[in-house]
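**Student:** what would the 3D arrangement of this be:
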Amino acid sequence: MTAQEQPPHINVDYFEDLTGDIAESGQSGIDEIGKRLKSLREEKGLSLEELSGRTGYDAEFLAKIERQEIYPQLGTVIKLSKSLDAAFGQVLAGKGDKPYSITRRRDQRTVARSTSHKGQKNIYTYKGLAPEVKGRNMEPLIVHLQPAPEKELSQHDGEEFIYVLKGSVVLEIGEDHFELEPGDSVYYLSTIPHWIAAKDDGATILAVIYDK
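**Tutor:** Reported below is the predicted structural model:
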């Protein structure tokens, strides 16, 4: 067998079989982020206007998140979590109560989706892979990306690792632009303005977010 004929080191089809079709996964928990944020805000005794002052997000935008008319992007969830002194994972997927988590494919569940800032288009949907771990600082996710109708840069504390499983991905980090294919990966500091979306019809990525 020549070098050109040798199989790739990583079989991307294996990951496709592992993750399955995210669109067919259960919807349990998909609408919980707005409820969790509202509960945390009320526990802190904060009004929407006060939370707006802490985060810089418009109060009406925050109200739409709580009413589940808009589903926030991951960077927005991280910023809101920090402003409410809550762990990102707690807001995203709920509190865990175990020292470790083994998630079988059949048990993976869609934990949330993200829409555009106006809530008019679904940008991505994501599955949590370790929601049961207590006090976790990393959040591993399977994310199904859609082409974005408009560019919405994200910037927040933490670090991110992305591995492309399926489809083509467009990525901007600061002023640099990249196109990633299956098997490509990227690691970056989330404090740098960044944006990621499917290039064409949709893409699936493994994302690991470290929330400092």
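**Student:** can you give me the helices for the chain?
**Tutor:** 12-19, 32-43, 48-55, 59-66, 74-83, 88-93 (DSSP state H).
**Student:** any chance of the ones you listed in a markdown table, plus mean pLDDT, distance to K134 and mean neighbour count?
**Tutor:** From N, CA and C alone the C-beta is placed, and that goes for glycine too. Shown next, in a markdown table, are those (pLDDT from 0 to 100; distance: least, C-beta to C-beta, whole Å; neighbours: other C-beta atoms under 10 Å):
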| stretch | mean pLDDT | distance to K134 | mean neighbour count |
| --- | --- | --- | --- |
| helix 12-19 | 42 | 25 | 14 |
| helix 32-43 | 92 | 17 | 18 |
| helix 48-55 | 96 | 26 | 16 |
| helix 59-66 | 95 | 26 | 18 |
| helix 74-83 | 90 | 16 | 22 |
| helix 88-93 | 84 | 10 | 24 |
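**Student:** residue ranges with poor pLDDT in the protein?
**Tutor:** Applying pLDDT under 70 to the chain picks out residues 1-31, 117-120.
**Student:** quick check, central residue of it?
**Tutor:** L74 (4.6 Å; C-alpha atoms, centre = their mean).
**Student:** so that residue sits against G158, correct?
**Tutor:** No - taking contacts as C-beta atoms under 8 Å, L74 lies outside contact range of G158: 9.7 Å.
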